[in-house]
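Trainee: Turn this into a model:
(one chain, ligands or ions: 1)
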Amino acid sequence: MVMTEGTPRRGGERAPAATAAPIPAPLAPPPAPLVELRGVGFGYGGEPVLEGIDLTVARGEFVGLLGPNGSGKSTLLKIVLGLARPTAGRVALFGREAARFKERWRIGYVPQRLATFDAQFPATVAEVVGMGRYARLGPFRRPGAADRAAVERALAAVEMAPFRDRRIGQLSVGQQQRAFIARALASEAELLILDEPTAAVDAATQEAFYHLLEGLNRDRGLTIVLVEHDLAMVAAHVASVAVLNRRLIFRGDPAEFSRRDFLHGIYDERTTCEVHPEVPHVHPPHAPGAAK
Ligand code: ADP
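Mentor: Down below sits the predicted model:
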């Protein structure tokens, strides 16, 4: 039987008439990535440190930023944090051009450790966490009970409530980093940026720290970008990596990167390399005096 417009189907249901097809609702625009770098370049004067970086970080991602020493990881973070201006390209944060992005509290930053000067600063953990909260309020609003409760919740989330009255400079590096995460949580940051947070801690602390970050990413939807030197650690905990070596040489699944690295030694510091998305191509290291 030929089904014509309006012919009853089995079960008595009528085939929808072509003319009655509902007009599809206009598609909502896809959400803007929290970080979008297009053709970003940077140099401190001489040699370029970053070149042609195209990198996006979508909301909810947990990205490990990898690369050998001097590959430009910290410089890239500085650009995202607004502490350095790229010499080429374009940076957008939360869908807005970086220069026009004013809600800096939406990005929480966790340094490796307190600077020597800050370590002398006579602030307690709760006060440091509170600073994150109060930075959001502006100069004319006094913190109230709700703000103090937000600070306590943030301390509890990183298991630092028992340390609330300790001087921040007296804490271990790992505890200081938890306090900085609490500061970001108290200010309701949506993007957390960490610079080699586990460089100076033992393996058990490192595992516990990653566990905490995984929970914040999974349960609170916190977007995380973390610089890490330990490829195995990243591969075990992070869904996506971005690998720098002046250029962005890989973006994607850490297991895939490990396979390519195993095959080509991409991560070897002596190797200069460029990996085209489709065609891995690695230049061997230039031995001194070797014929080109
Ligand atoms: P990474 O974090 O991957 O180790 P960096 O971004 O710190 O790399 O450094 C990239 C390059 O820029 C390195 O060659 C480093 O020596 C250089 N560099 C970093 N900071 C400065 C600076 N303030 N002045 C001049 N050169 C710098």
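Trainee: And for residue 212, the neighbour number?
Mentor: 16 (other CB atoms under 10 Å). To be clear about C-beta, it is placed using only N, CA and C from the backbone, and glycine gets the same treatment.
Trainee: now swap in residue 78 and tell me
Mentor: Using other CB under 10 Å, the number of residues around residue 78 comes to 16.
Trainee: what do you get for the one 4 residues further on?
Mentor: For residue 82, the tally of surrounding residues (other CB under 10 Å) stands at 15.
Trainee: Could you list the contact residues of this protein toward the ligand?
Mentor: 44, 49, 67, 69, 70, 71, 72, 73, 74, 75 (CB under 6 Å from any ligand atom).
Trainee: From those residues, which land in strands?
Mentor: Among the residues of the chain next to the ligand, DSSP state E puts residue 49 in strands.
Trainee: Quick check: the two most widely separated of the residues of the chain next to the ligand?
Mentor: Pairwise distances across these peak at 16.7 Å for 44 and 67 (criterion: CB to CB).
Trainee: which one of these two has more residues nearby?
Mentor: Shown here are residue 44 and residue 67; by other CB under 10 Å, residue 67 has more neighbours (24 against 10).
Trainee: correct me, but the more buried one touches residue 73?
Mentor: Yes - here residue 67 reaches residue 73: they are 5.2 Å apart, a contact under CB atoms under 8 Å.
Trainee: and for the two, which residues touch both?
Mentor: Counting by CB atoms under 8 Å, 6 or more residues apart in numbering, the residues touching both residue 67 and residue 73 are residue 244.
Trainee: Which helix or strand in the protein has the lowest average pLDDT?
Mentor: Every helix and strand of the chain was ranked by mean pLDDT, DSSP states H and E. The lowest is strand 280-282, at a mean of 37.
Trainee: related to what we said a few turns ago, list only buried entries from the residues of the chain next to the ligand.
Mentor: Among these, those scoring as buried are 49, 67, 71, 72, 73, 74, 75 (criterion: 16 or more other CB atoms under 10 Å).
Trainee: Please convert those residues to JSON lines, extending it with distance to residue 138 and pLDDT.
Mentor: Shown next, in JSON lines, are those (distance: CB to CB, whole Å; pLDDT from 0 to 100):
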{"residue": "49", "distance to residue 138": "36", "pLDDT": "96"}
{"residue": "67", "distance to residue 138": "38", "pLDDT": "90"}
{"residue": "71", "distance to residue 138": "38", "pLDDT": "92"}
{"residue": "72", "distance to residue 138": "35", "pLDDT": "95"}
{"residue": "73", "distance to residue 138": "33", "pLDDT": "94"}
{"residue": "74", "distance to residue 138": "30", "pLDDT": "93"}
{"residue": "75", "distance to residue 138": "31", "pLDDT": "95"}
